[in-house]
Each structure stands twice: as C-alpha cells, then as structure tokens.
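Asks: generate coordinates for the sequence data below:
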Amino acid sequence: MTQPTDAGERELKTWSPIVQEIAAELSPQWRELRRYLHRHPELSNEEFLTTEELGKRFARLDLPVNYIGERRGLTCDLVSDPDAVMPRLALRGDIDALPIQDAKTVDYRSCQDGVMHACGHDVHAAVIYGAMAILRSMHQSGQLPWPIAVRAVLQPAEELATGARYMIHHHALRDVSAILSLHVDPTRSVGCIGLRKGTLTANCDIFHVQCNGRGGHGARPHLTHDPIDAITRWVQSSFRRVDRATDPAETVAISIGTISAGHSANVIPDTAELEGTLRTLTAESRLKVLETMEDVCEGVGRETQCQIELQLKMSAPMVVNDAELVDLLSTATCHTLGAGAVEAIELPSMGSEDFSFYLEHIPGAMMRLGVAGEQVGRAPLHTSLFDVDERAIADGAKVLATAAILHFAP
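Replies: As a prediction, the model looks like this:
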C-alpha cells in the first residue's frame, strides 16, 4: 500500500493522538542523540563509532540490529506480526559528516577538529531513530491499528555518493518494496514539510580534467606547451560552449571547484588539473553537455599542443519522487503538523542526493524538513555555522512514523 485508503485515513484520527503523545514523551531523547552525534562527527567511510552508537540505541528499543559490511551503517527491522508475510517499508537516513570546522559557540559543538555535521545528517539519523521509537512504543502497548513491517536504513558516505550503493550491495533493500527519506531544509521554517512529485534533485557528475603539456623556464614560454594556458582555456571554452549547446529552458550548472598547477613563479609546469561538478535535470541534457566537454578537450588540445583528458569521478542520478508516496507523506504531515504544514516545492534543486540509487530499485520519496526557527536554523547547509531548531526532530519522526503506519493500512 502507498496512497492511504479512506478507511486508513478515518482510523488515523483514533491513533494519531497516540503518535503525538509518544513523541512528546520521547523527543528529549532524540534531541540528546542528535547532540551526541553532532559532538562526535565522522567523515565519509569512517563512520564506525557513529554506527556503533546508533546500534546501541536501537538495541535499547529491543530491536534487532544488522551491521553492514565493515560496520559502517546498519539496518534495523520492526515487524509487528512475525507470522505475516509483508514487504518492508524502509526509512532511510545518512550518518556521515563533512570536512568543515564547526564555528558555533554551543555546548554540542563538534569535538573533532575540522569535521562537522554541516549537512544535517545527525538530524536525519535522530529522526529515523525517533520514528522507529514511536512505532516500537505503539507495538509494545498494542496500539498499532494493523500490522506493519518497517526497516530503518542508516547509511554511510552519502557525501561521496557511494553509501547507498554500499548498502544495496549488502542487501539493505532485501524484502523492501518502498522507501522514504528526508533532508533538512534551512530555507524552510520548523513545522513545515516541503514536498514535490517527480524530479526533486539533479543529476550530479564530479569530473576531473588532466592537462599534460611540456614545462620549461618562464622566460622562454615559446619552448613549452603550457598546461596552465590550456586549463584556463578549457574553463572559459566549457562555460561558453555549454551555454550554447543546451536549450535555455533546461537548467544546467557547471562549476569548477579546484585548479592545481605548478610550484614556482618562474617555472611553467608539465601538468595542470581541475575538478568540478556538472548538474543537469534530464538525461538528454547531461549527455549533450558531456559530449560538449569532450569536444572542448579536443579543441583546446589542438590549440595548445597539450593532451587533455576528461574523467568522471562520481555520478549520482536525479531523485524522482513517487507521486503516491508523496501523497502519503502529505497526508501524514497534515494529520501530525496541520494542513498548513505542507509546502509545495515549485522547482527541482540543483543539489544531488545518493538516495537516488535506491530509487533505481524501488519507488521512494524524500521530504524536506523545515529546521529554521526564530533563534537558530537559518545558516546555509555546508557552512561552519549550520545548526537546526531541534523541534524539527520530533516533526520529522512523527511524519515518518505516521506515514509508515498509513502505508500498511488495509
């Protein structure tokens, strides 16, 4: 079941208050978990202690924990009727942090120099834990209106776009028929949920351009094949050509993040390189731009007598939200936070999410969780002052728990 039935919505009025009561009682624990994770962040592929701590927390709920691979990431199932044959609904969160120095002056400031939860993954983990805690409490007290089968999926390495595939490889989607997720949104007020059917985030390709020339003395550039000249021409040509190669109605964003070359002011180096990102909203525009970038490599190579190679280092496809699952989240939001809490997302984001890899296997939907309060929560993602209004944790947990119950309505 995805879109809630009429009967499911009618019964929702009888058990929705129970979700609210449990959340009010347990939310201090979820806030404490978020703060613990915020103090102790771990970078992508290093999330061993984070995974261990989350495993301990789920074990306290008396739920079975399955550690993934090298114990980076875990799954945890709650099946209210062991005799029922039911596909799982997965609730996915991510747990890795970013190489950013925490500049906040709060008692839960990161203890790890140069590492910080600047993308809200500590909140995501706390929300998934909170949703499972609500469902577990209702199951233990016999207050679930019907049987459910829910799997928490807490993955590593989202920031590298490798964590989802790692989890899939280790069977995190086995027996799962649908998946829900969330992302914090500092542009949206706490108490609000952003929803969009169809494309939510862009394709993202991280690319590397290697330019091999022939170095020499800065006084005799005519004897060199200057890779710095070549790499700067490549940047300028790519920006111009991409703009002309794609339909203006199709949003495309190409950005250069690093350029590296040389070691001395009077020496023309042998090599230069750069890295950047390409973001597109259709498969056709992505292919067209990549072809254009390859053509730029050939053209600039001929002009400068350098060898230029374009390589894709990492790619993540678009997140395309399933319409029925978005309706499910909308219904859950209306009943837990109020009808005014649902906010339509008008345009796709040019950001990317490796949640998209799950959607290559099963339908899913991601919601945007408002985290901006009057005092805290408006600093942008991926910045040293990023923080959230922690009331948002309970909001997200209630919405996902309610959606999970509605998903299984008879």
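Asks: list the contacts of the residue nearest the centre of the chain.
Replies: Nearest to the mean C-alpha position of the chain, by C-alpha atoms, centre = their mean, lies Glu353 at 4.2 Å. Going by C-beta atoms under 8 Å, 6 or more residues apart in numbering, Glu353 touches 158, 183, 200-201, 316, 319, 366. C-betas here are computed from N, CA, C, even on glycine.
Asks: likewise Asp81?
Replies: So Asp81 contacts Pro147 (C-beta under 8 Å, 6+ apart).
Asks: what about the strands in the stretch 101-250 of the chain?
Replies: 149-155, 176-189, 193-195, 198-201, 203-212, 216-217 (DSSP state E, counting those that start in this stretch).
Asks: pretty sure Ala397 contacts Arg136?
Replies: No. The pair Ala397 / Arg136 is not scored as a contact, 11.8 Å apart, by C-beta atoms under 8 Å.
Asks: how far away is Asp185 from Cys192?
Replies: Going from Asp185 to Cys192 by C-beta to C-beta, to the nearest Å gives 8 Å.
Asks: tell me which of these two has more neighbours.
Replies: With neighbours defined as other C-beta atoms under 10 Å, Asp185 and Cys192 compare such that Asp185 has more, 25 against 21.
Asks: give me the pLDDT for that one.
Replies: On pLDDT, Asp185 comes in at 98.
Asks: bridged to it, which residues?
Replies: Asp185 has these beta-bridge partners by DSSP bridges: Gly370.
Asks: isn't it right up against Gly194?
Replies: Yes. Using C-beta under 8 Å, Asp185 is in contact with Gly194, at 5.8 Å.
Asks: what about stretch 38-51, how long is it end to end?
Replies: Length of stretch 38-51, first residue to last, C-alpha to C-alpha, to the nearest Å: 14 Å.
Asks: tell me the buried residues in that stretch?
Replies: Neighbour-count burial for stretch 38-51, counted by 16 or more other C-beta atoms under 10 Å, picks out 38-45, 47, 50-51.
Asks: starting at the chain centroid, how far to that stretch?
Replies: 16 Å (C-alpha atoms, centre = their mean, to the nearest Å).
Asks: farthest-apart pair in the contacts of Glu353, please.
Replies: For these, the maximum inter-member distance is 14.9 Å, found between Glu158 and Leu200 (C-beta to C-beta).
Asks: strands of the stretch 301-410 of the chain, residue ranges please.
Replies: So, for the stretch 301-410 of the chain - with DSSP E, counting those that start in this stretch - the strands run 307-316, 319-321, 342-344, 364-372.
Asks: want to try JSON lines for those, with distance to Gly276, mean pLDDT and mean neighbour count as columns?
Replies: Below are the strands of the stretch 301-410 of the chain laid out as JSON lines (distance: least, C-beta to C-beta, whole Å; pLDDT from 0 to 100; neighbours: other C-beta atoms under 10 Å):
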{"stretch": "strand 307-316", "distance to Gly276": "10", "mean pLDDT": "93", "mean neighbour count": "16"}
{"stretch": "strand 319-321", "distance to Gly276": "21", "mean pLDDT": "97", "mean neighbour count": "25"}
{"stretch": "strand 342-344", "distance to Gly276": "32", "mean pLDDT": "97", "mean neighbour count": "15"}
{"stretch": "strand 364-372", "distance to Gly276": "25", "mean pLDDT": "98", "mean neighbour count": "26"}
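Asks: out of those, the one nearest Thr251 is which?
Replies: Of those, nearest to Thr251 by C-beta to C-beta is strand 319-321, at 15.0 Å.
Asks: can you list the strands that that closest one pairs with?
Replies: strand 198-201 (antiparallel).
Asks: buried ones in the strand it pairs with?
Replies: Neighbour-count burial for strand 198-201 [16+ other C-beta under 10 Å]: 199-201.
Asks: doesn't Thr75 belong to a helix?
Replies: No. With DSSP: H, G, I helix; E, B strand; the rest coil as the criterion, Thr75 is located in strand rather than a helix.
Asks: what's the distance between it and Glu343?
Replies: Distance of Thr75 to Glu343, given as C-beta to C-beta: 31 Å.
Asks: next one: Asn212
Replies: Applying C-beta to C-beta, the value for Asn212 to Glu343 is 50 Å.
Asks: give me the helices and strands touching the lowest-mean-pLDDT helix or strand in the chain, please.
Replies: Lowest by mean pLDDT, DSSP states H and E among the helices and strands of the chain is helix 6-39, with a mean of 90. Packing partners of helix 6-39 (3 or more C-beta pairs under 8 Å, 6 or more residues apart in numbering; DSSP states H and E): helix 48-60, helix 121-140, helix 323-337, helix 391-407.
Asks: show the average pLDDT along the second one.
Replies: Model confidence over helix 121-140, given as mean pLDDT, is 98.
Asks: in that helix, what's buried?
Replies: 121-139.
Asks: and it, what does it pack onto?
Replies: Using 3+ C-beta pairs under 8 Å, 6+ apart, helix 121-140 is in contact with helix 6-39, helix 48-60, strand 74-79, strand 88-94, strand 149-155, strand 176-189, strand 364-372, helix 391-407.
Asks: that helix vs strand 74-79, what angle?
Replies: On the basis of axes from the mean of the first three to the mean of the last three C-alpha atoms, to 10 degrees, helix 121-140 is oriented at 20 degrees to strand 74-79.
Asks: let me see the contact set for His225.
Replies: Applying C-beta under 8 Å, 6+ apart, the residues contacting His225 are 213-214, 304-306.
Asks: sorry, slip of the keys, the one I care about is Asp94.
Replies: If a contact means C-beta under 8 Å, 6+ apart, then Asp94 has 121, 124-125, 154-156, 158, 163 as its contacts.
Asks: closest to Leu26 out of the residues you listed?
Replies: Ala125 (15.2 Å).
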